[in-house]
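Participant: below is the sequence, then the predicted model.
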Amino acid sequence: MFGRPPARRILHRSGDRDFPSRLLDPIDMLAEAIFSILIMLSFTMAYRIFLFQANDGFTLAAAQVNELLLAALGATLAWGAIDGVMYMLLEVLQRSERHKLLYQLQAVQDEQAALALIADELDAIIAPITSDAQREDLYRDVYAHLRESQPQPVGITSADLRGAIASVVVAMLTVAPSLAPLLLLQEHYRVAIWLSNVISFGMLFGAGYQWGRYTGTNPIRIGLLLVSLGVVMVVIALLLGG
């Protein structure tokens with residue numbers, strides 16, 4: 001409720017949406033997808049640059065294509081797992097901040113001091129759309145409610161675990177289309193890697209398009225911008241040996 005927003009927000013609405021979207025904020029899902037695609041691209045583009053261009057007559061064995069496939073899959077899985085752990089830690093931190101704020105509000109004796117604490121948390125969000133009088137009335141109502149409230153548990157919850165699992169699921173589902181050519185066209189490795197890159201950039205554009213739609217900006221422009229940034233980021237990673 002208060003404090004800095006977590007890396008993701010658990011959504012409480014259910015309905016007919018799929019598993020990850022019931023647990024992760026849409027922007028967080030898109031961010032997870034984008035990072036996973038960039039990881040995939042860093043592997044496949046590195047193979048093209050360091051193997052194909054270095055020796056145009058280079059022949060890539062099926063076993064090496066499998067190595068590329070497993071390396072990209074493992075890196076994506078590791079990324080999703082690390083991001084899932086960070087998700088849980090940030091959720092715990094968020095609840096800890098709320099617990100601390102609630103303790104401070106209930107400890108102060110002066111109402112103005114309590115209202116100042118609430119204002120420090122909410123002014124940045126509410127001030128642009130409310131007047132001073134409206135905010136004061138709202139903060140008094142909030143304070144009256146929180147004086148009798150009990151703090152939430154700070155430890156890891158089942159919702160945190162589900163959100164962490166959703167992070168892994170989103171990461172793996174995102175790269176599955178890009179991995180498919182490497183799995184199905186191993187005897188035509190040049191085509192497989194080229195097609196994998198095309199799919200990855202297409203999905204990167206799609207993620208940017210959805211980001212634009214969700215945020216109310218030009219989806220095509222955001223999609224093209226994201227593809228351009230993806231190219232730059234992957235090239236930088238390759239130049240740095242990543």
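Facilitator: Yes, it's here.

Participant: name the helix or strand for residue 112, please.
Facilitator: Following DSSP states H and E, one finds residue 112 within helix 111-126.

Participant: list the buried residues in that helix.
Facilitator: By neighbour count on 16 or more other C-beta atoms under 10 Å, the buried set for helix 111-126 is 114-115, 117-119, 121-122. C-betas here are computed from N, CA, C, even on glycine.

Participant: what residues does that helix touch?
Facilitator: 2-3, 101, 104-105, 108, 135-136, 138-140, 142-143 (C-beta atoms under 8 Å, 6 or more residues apart in numbering).

Participant: average pLDDT across it?
Facilitator: Helix 111-126 shows a mean pLDDT of 80.

Participant: circling back to that earlier point, of the buried residues of helix 111-126, just say which sits nearest to residue 147.
Facilitator: If you rank these by distance to residue 147 using C-beta to C-beta, residue 114 comes first, at 8.1 Å.

Participant: now do the SS call for the nearest residue to residue 177 once chain neighbours are set aside.
Facilitator: Among residues not flanking residue 177 along the chain, residue 199 sits closest, at 5.1 Å (C-beta to C-beta, 6 or more residues apart in numbering). The assignment at residue 199 comes out as helix when based on DSSP: H, G, I helix; E, B strand; the rest coil.

Participant: check contacts around residue 199.
Facilitator: For residue 199, the contact set (C-beta under 8 Å, 6+ apart) comprises 177-178, 180-181.

Participant: pretty sure residue 85 contacts residue 164?
Facilitator: Yes. Counting by C-beta atoms under 8 Å, residue 85 touches residue 164, with 6.6 Å between them.

Participant: looking at the two, which is more packed in?
Facilitator: For the pair residue 85 and residue 164, the greater number of neighbours falls to residue 164 (23 against 12), based on other C-beta atoms under 10 Å.

Participant: so where does that one fall, helix or strand?
Facilitator: With DSSP H and E as the test, residue 164 turns up in helix 158-184.

Participant: now that helix: mean pLDDT?
Facilitator: Computed over helix 158-184, the average pLDDT equals 87.

Participant: same deal with stretch 207-222?
Facilitator: Regarding stretch 207-222, the rounded mean pLDDT is 87.

Participant: one more: stretch 230-240?
Facilitator: For stretch 230-240, mean pLDDT is 71.

Participant: likewise stretch 34-53?
Facilitator: pLDDT averaged over stretch 34-53 gives 74.

Participant: correct me, but residue 230 touches residue 35?
Facilitator: No. Assessed by C-beta under 8 Å, residue 230 is found out of contact with residue 35, at 10.4 Å.

Participant: what does the average pLDDT come to for the lengthiest helix in the chain?
Facilitator: When the chain is scanned for its longest helix (criterion: DSSP state H), the result is helix 62-107. Averaging pLDDT along helix 62-107 gives 81.

Participant: what helices or strands is that helix leaning on?
Facilitator: Counting contacts by 3 or more C-beta pairs under 8 Å, 6 or more residues apart in numbering; DSSP states H and E, helix 62-107 packs against helix 26-47, helix 111-126, helix 132-146, helix 158-184, helix 189-215.

Participant: alpha carbons only: can I get the third one in CSV?
Facilitator: Backbone C-alpha positions of helix 132-146 (Å, rounded to 0.1, in the frame of the first residue of the first chain) are rendered in CSV as follows:
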residue,chain,number,x,y,z
ASP,A,132,-4.3,20.4,-0.6
ALA,A,133,-7.7,20.2,1.1
GLN,A,134,-8.6,16.9,-0.6
ARG,A,135,-5.3,15.3,0.3
GLU,A,136,-5.7,16.4,3.9
ASP,A,137,-9.1,14.8,4.2
LEU,A,138,-7.9,11.7,2.5
TYR,A,139,-4.9,11.4,4.7
ARG,A,140,-7.0,11.8,7.8
ASP,A,141,-9.2,9.0,6.7
VAL,A,142,-6.2,6.8,6.0
TYR,A,143,-4.7,7.6,9.4
ALA,A,144,-8.0,6.8,11.1
HIS,A,145,-8.1,3.4,9.4
LEU,A,146,-4.4,2.5,10.0
